[in-house]
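> Sequence plus the predicted model coming up.
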Amino acid sequence: MARFVQNRWYQFAWADEIADGAVLTRTVLDIPMVAFRTDAGKMAVLDNRCPHRFAPLSEGKREGDTIACPYHGLVFNTAGQCVRNPHGAATSTLAVASFPVLERHKAVWIWVGQQEPDENLLPDLSFIDAAPETAQLRLHTAVQANYELLADNILDLSHADYLHASSLGSGFNTRAKSTVEEHADHFSIAWRSDSDDAPPAFNLESPAKLWTEVDWYAPALMVLRAGGHPVGKPERGIDTLNLHNMTPETLTSTHYFSCNTRNFLIDDAAFNAVLREQLIHAFQVEDKPMIEKVQRQMGTPDLWSLGPKMLPIDKGAVLARRRVARLIEAAE
Amino acid sequence: MARFVQNRWYQFAWADEIADGAVLTRTVLDIPMVAFRTDAGKMAVLDNRCPHRFAPLSEGKREGDTIACPYHGLVFNTAGQCVRNPHGAATSTLAVASFPVLERHKAVWIWVGQQEPDENLLPDLSFIDAAPETAQLRLHTAVQANYELLADNILDLSHADYLHASSLGSGFNTRAKSTVEEHADHFSIAWRSDSDDAPPAFNLESPAKLWTEVDWYAPALMVLRAGGHPVGKPERGIDTLNLHNMTPETLTSTHYFSCNTRNFLIDDAAFNAVLREQLIHAFQVEDKPMIEKVQRQMGTPDLWSLGPKMLPIDKGAVLARRRVARLIEAAE
Amino acid sequence: MARFVQNRWYQFAWADEIADGAVLTRTVLDIPMVAFRTDAGKMAVLDNRCPHRFAPLSEGKREGDTIACPYHGLVFNTAGQCVRNPHGAATSTLAVASFPVLERHKAVWIWVGQQEPDENLLPDLSFIDAAPETAQLRLHTAVQANYELLADNILDLSHADYLHASSLGSGFNTRAKSTVEEHADHFSIAWRSDSDDAPPAFNLESPAKLWTEVDWYAPALMVLRAGGHPVGKPERGIDTLNLHNMTPETLTSTHYFSCNTRNFLIDDAAFNAVLREQLIHAFQVEDKPMIEKVQRQMGTPDLWSLGPKMLPIDKGAVLARRRVARLIEAAE
């Protein structure tokens, strides 16, 4: 039984998390994995468990395109094939799972599923490539909560008015109500107002025209656009484009990848550094602890089993969860 | 299936554990709960899980008679009703469980069960009200053991002769043997002697007339009276009345509430402070570690499943466990 | 269902781990046990759980041949019989399990099983008695891994060429291939060469004649002989005899007992101390972490359930596992 959506690209890491010559181990969809870059610069992601005795390949020697098991010396190439067995023939049965890799948008993506990898299934995140480094912030945060709870959090931005009242909350998201547009491969949910109070962190004169738009892709990749400008003064506006992407580690823990980009002070490295601390702080102090407590109080990753009383603000979450459930069923 | 006795008052806290304006969170019978006092001074105890998404209400804003969910702003009154929903109608389905509260005997009691709360089911503990603060010591201790193991400990005071040999043990409880009186709503078990060695902590001339009497109420509330006087010299006697009340946190952890009162040095605050340290020390160093080790070595909360070899000293424990089992069965 | 091989001697401890007057608690085959020496010097090993309420006997008073339960004072002799019950008759049903003890080869062995203890089933380890204290090193190490994984590690010494490349690895074990001799009560597996590179730790001129021989006894006791000499110069040779004995604590944790003896520098206490640090270091830094990681990555003690791709080097491991499985089946 598939526990996770299959035949999709999952973000394994930000590319700069994996230094040349180093390995990065990370459990994704319950599978311990190891990533490394070959001398030629190609990224490889393998099951980290040697097929012989499940020793961690990540602790073995890296040489050229290969990695050796630290326990008994089997050597594997980036395709997971055993290319050297010091104790006998390097047969094809000695292979370890290798995950097709796509390096795009400053991230390392792996394909999970039996079908052929399809690059078209990776959403267009070229805003990440376009933004200068001084106008973007990429983070990886480990969260002890189910990935769908974390997606729900972005798909219901009314939470900003309560959980982030002093920074992102102005009541706008609660008042605006959301509108949804469904598409074959994704859906969009947006909160828009022609005139409302701007969130404190926007540092905008109120009343302001405001927009918050989320594009959701299965299983839990979201592009969030948020911005605004004082009513009638579009030239004083700000706009941000953000990735919020949840890669399941297990059913109750998640790799939360985020990337924040903006259209103002884009060359200001000092401002970028300040913003980085603010983002980390807000996430560490507000979202992450709240959602981890929710997960603990739930006691299960299965939200529906607890009979939650859903509200209109859960429209996006319900849509996303239905799509995820259908995709998992389809893969079974 | 009910795992715990229903339709009884459970002690949630000592009243002074909940400061004005503060909240106290505590898991009772597997349910995360939050207690707070309204501006008008009324105590409320609610399920701490918001019915929407199970966020901890305890972290939300307290205002007047209400508490707001910190995640999406639903506001609940002390009856658990949603009185404000920023995202739609505050319908009755949005309610959170509220536990009927009784404030009595310096404690906060909650009613758990489907029947109407019945104040008559709370045993009379007016000795707590009668004792001056300088002659009483109230404690709450978290113990990692099943509540019935902790009740067994009080219902078999022969353990004092071994576990507390240097303070409460004189061999008296072992020699005296216990007598039991059964009543409809409780039973009494007593150890009495007209002449025996007094426990060291009694600081009494021996031989002494001695008494130890325990009244047990379901599921695990016990009033313990212990005292004595030198034979023929009742004017030199001492007497103590004590509450030992076990509120299950889970099947393998317990809130141990105790209250010690005495009839000597009742205005001596300094003696009271010394006694407090002695009681805490004895409990932390002797009873609690022993019973937690017993629980660990048992590996299950179910004593009978392990085939224990019961002794005559377990008379009270067996009676209590039978009554508890019958009450749980009756509630199923 | 027996989860472990029955009717065998299991090493409980090295004799000097149990000081006179002290107790040693250790869980063996899932059973919490306590060991102590009587005033007369006899070693006793009992189930550490009092049959009354499962309190730890290890915390009670030791007197003469007896140990008293710290909770209610039942007193047990070395046969596990209750010899004093302060609360009634010391009946035979109050007994606690007592494990037959054999003190031999500087170790304490306990018999587990329903059959009569058979001293002949303990392999001859007189090399331990023969070696002077300055030429032997006895260790006990707690490992969080299944005992068969630890036996596999010794039965496949090719791992030395990879995991211990800088000390014990020269490629010899990989090149030599192993030969196996089966016997009724044990089997031998050996790696031998008339001329190969000596491992760095041997400090021998190469090429050398080399030998590594392991005698395996159920369930996981191994005597390892390893040594060598420069080709044609037997007078410059070294030889070592070592015990590697795995006593299951649980299915996923093990008491690893080892004893290293040697035929050189046998009176050199300073060298012995240096070697001790080297052995501890190698084990703590190389074998133990690797095998614990293997266990974690396996997620189960059952190797076969994971479909490992076995290699010719697993010959010994497969033999041992088959014998263990047969012995467990036979006991069911």
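Nice, thanks for sending it over.

> what's the nearest residue to the residue in the stretch 1-150 of chain A that chain B sits nearest to if we skip its chain neighbours?
The nearest approach of the stretch 1-150 of chain A to chain B comes at residue A:149, 8.1 Å away (Cβ to the nearest Cβ). For the C-beta atoms, the positions are set from N, CA and C on the backbone; glycine is no exception. Nearest residue to residue A:149 in three dimensions, chain neighbours excluded: residue A:291, at 5.4 Å (Cβ to Cβ, 6 or more residues apart in numbering or on different chains).

> Could you give the separation of the one helix or strand the one you found maps to from the chain centroid?
Here residue A:291 is covered by helix A:288-298, with elements defined by DSSP states H and E. Helix A:288-298 sits 18 Å away from the centroid of its parent chain (Cα atoms, centre = their mean, to the nearest Å).

> Just confirm yes or no for the helix or strand that it is followed by near chain B.
The first helix or strand that comes after helix A:288-298 along the chain, using DSSP H and E, is helix A:315-331. No: Helix A:315-331 does not reach chain B (Cβ under 8 Å from any Cβ of the partner chain); its nearest approach is 9.1 Å.

> State the mean pLDDT of helix A:315-331.
For helix A:315-331, the mean per-residue pLDDT is 95.

> For it, enumerate the helices and strands it packs against.
Using 3 or more Cβ pairs under 8 Å, 6 or more residues apart in numbering or on different chains; DSSP states H and E, the elements in contact with helix A:315-331 are helix A:147-155, strand A:178-182, strand A:186-196, strand A:208-217.

> hey, which of those is tucked in deepest?
helix A:147-155 (a mean of 25; mean count of other Cβ atoms under 10 Å in any protein chain shown).

> Could I get the CA-only coordinates of the following helix or strand past that helix as PDB?
Toward the C-terminus, helix A:147-155 is succeeded by helix A:160-163 as the next helix or strand (DSSP H and E). Output in PDB follows, covering the C-alpha atoms of helix A:160-163 (Å, rounded to 0.1, in the frame of the first residue of the first chain):
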ATOM      1  CA  ALA A 160      -1.800  34.800  10.200                       C
ATOM      2  CA  ASP A 161      -4.300  37.100  11.900                       C
ATOM      3  CA  TYR A 162      -4.000  35.000  15.100                       C
ATOM      4  CA  LEU A 163      -0.700  33.200  15.200                       C
END
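
> what comes up buried for stretch A:318-325?
Using 16 or more other Cβ atoms under 10 Å in any protein chain shown as the burial criterion, the residues of stretch A:318-325 that qualify are A:319-321, A:323-324.

> actually stretch A:308-317, sorry about that
A:308-309, A:311, A:313-317.

> circling back to that earlier point, quick one: which of the buried residues of stretch A:318-325 is nearest to chain C?
Closest approach to chain C among the buried residues of stretch A:318-325 (Cβ to the nearest Cβ): residue A:324, at 25.2 Å.

> Now the closest one. Nearest residue, chain neighbours left out?
Residue A:324 sits nearest to residue A:219 (Cβ to Cβ, 6+ apart), 5.2 Å away.

> Equivalent analysis for residue A:271, please.
residue A:265 (4.7 Å).

> Restrict the helix holding residue A:291 to CA atoms and write it as PDB.
The C-alpha coordinates for helix A:288-298 follow below in PDB (Å, rounded to 0.1, in the frame of the first residue of the first chain):
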ATOM      1  CA  LYS A 288       6.600  25.200  14.000                       C
ATOM      2  CA  PRO A 289       5.800  24.900  17.700                       C
ATOM      3  CA  MET A 290       2.100  25.400  17.100                       C
ATOM      4  CA  ILE A 291       1.900  22.700  14.400                       C
ATOM      5  CA  GLU A 292       4.000  20.300  16.400                       C
ATOM      6  CA  LYS A 293       1.700  20.800  19.400                       C
ATOM      7  CA  VAL A 294      -1.300  20.200  17.100                       C
ATOM      8  CA  GLN A 295       0.400  17.000  15.900                       C
ATOM      9  CA  ARG A 296       1.000  15.800  19.500                       C
ATOM     10  CA  GLN A 297      -2.500  16.600  20.600                       C
ATOM     11  CA  MET A 298      -3.800  14.700  17.600                       C
END
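
> can you count the residues close to residue A:116?
For residue A:116, the count of nearby residues is 8 (other Cβ atoms under 10 Å in any protein chain shown).

> can you confirm it is in a helix?
No: counting by DSSP: H, G, I helix; E, B strand; the rest coil, residue A:116 falls outside a helix, being coil.

> Look up the pLDDT of the closest residue to chain C within the stretch 101-250 of chain A for me, please.
Nearest residue of the stretch 101-250 of chain A to chain C (Cβ to the nearest Cβ) works out as residue A:250 at 11.6 Å. What the model reports as pLDDT for residue A:250 is 97.

> for residue A:293, same thing?
98.

> is it true that it touches residue B:53?
No: look at residue A:293 against residue B:53 with Cβ atoms under 8 Å: they stay out of range, at 10.7 Å.

> Not counting its neighbours along the chain, what's nearest residue A:207?
Distances taken as Cβ to Cβ, 6+ apart place residue A:195 nearest to residue A:207, at 4.2 Å, with adjacent residues excluded.

> Next up, the contacts around that neighbour.
Residues in contact with residue A:195 (Cβ atoms under 8 Å, 6 or more residues apart in numbering or on different chains) are A:207-209, A:231.

> do the same with residue A:257
Neighbours of residue A:257 in contact, by Cβ under 8 Å, 6+ apart: A:11, A:14, A:107, A:138-140, A:243-247.
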